[in-house]
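# I'd like to go over a predicted model; first the sequence, then the structure.
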Amino acid sequence: MAANAQLVADTKKMYSYFLRQLNDTLIFLRQAQPQLVLTPKELKEREKKFASILYYVPSVNEEESTVKRTNAQLKQIYQRFTSNGLYEAFLITAVAHFEAYLADLMVLFLMHNPKRSNESVKDLPPCKTISVFELVDSKDKDALLRSVFVDHANSVFRLSPKLYLEYMVKLISAEACKSTASFCEVAATRDLIVHNRLKINETYMKKAGKNSRGKIGDDVSVDALYYDDAMKHMKRVANHLRTHIVEKFGETGGELT
């Protein structure tokens, strides 16, 4: 397929936006984490002033309610979130940004190459076809196409990371990225945070494969080091796709095979 300057420009812009989202989360975490560590001096000062304090929290009723936490309990809260809790929460957000980037990239690519929508991989639902009547009746054919491709992307990204990444590289005729398996483990860890309190289950083992971080029943953790590695894997996959599209459809871009 011939060079496509608009596709290349939009791909670069989309990648830059995604990269900024990921980097902003990391910058915030690195700036915020040290500020949230309670020093022994700060704890002693708090103990001199009060043994415990009441905090306003939402309740099941319309009125706010209060909960009490001692200084020792407050210290435990800070330790839990500065060591793992913040990274767990932001990992969920980061993976969501990554999957949204992939979905947007898929729709963008298909809008420029609609005939590629007939590509498929095993266990992946086919893209919806447009009837002649829908085409004739449509006042905005680009909007009609986009709605079909958005629905297709929504279906694709309900599947496993291994499957949707396999589809993505086939769609753009690229080789698989070396960080694919590592990202699949990251996505599996995200699912453990959301669904299983970070305890390894069969679903995690299946998704993580050889990159699993333990056996069924083990607990996994998400700390600063793991979060940094997860960011690297997502960036590598995203950059792999971006680089392929830019090189394939740049001024020297040739036929899409």
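Thanks, I have the structure now.

# where does the stretch 151-257 of the chain dip in pLDDT?
Low-confidence segments of the stretch 151-257 of the chain, defined by pLDDT under 70, are located at 251-257.

# And residue 153, how far from residue 11?
15 Å (C-beta to C-beta, to the nearest Å). (Glycine included, C-beta is placed from N, CA and C.)

# helices or strands next to the host helix or strand of residue 7 in the packing?
Remark: residue 7 resides in helix 5-35, with elements defined by DSSP states H and E. Counting contacts by 3 or more C-beta pairs under 8 Å, 6 or more residues apart in numbering; DSSP states H and E, helix 5-35 is packed against helix 86-112, helix 224-249.

# tilt between it and helix 224-249?
Going by axes from the mean of the first three to the mean of the last three C-alpha atoms, to 10 degrees, helix 5-35 is angled at 170 degrees with respect to helix 224-249.

# residues touching the residue nearest the centre of the chain, list them.
For the chain, the residue sitting closest to the mean C-alpha position, by C-alpha atoms, centre = their mean, is residue 95 at 1.7 Å. By C-beta atoms under 8 Å, 6 or more residues apart in numbering, residue 95 lies in contact with 186, 187, 190, 230, 234.

# how near is it to residue 115?
Here the distance between residue 95 and residue 115 works out to 31 Å (C-beta to C-beta).

# Also residue 200?
The separation that residue 200 has from residue 115, given C-beta to C-beta, amounts to 42 Å.

# So between the two, which is more surrounded?
The residue with the greater number of neighbours, taking residue 200 and residue 115 and applying other C-beta atoms under 10 Å, is residue 200; the counts read 21 against 9.

# Ramachandran angles for the more buried one?
The main-chain torsion angles of residue 200 are listed as degrees, to the nearest 10 and equal phi -60, psi 130.
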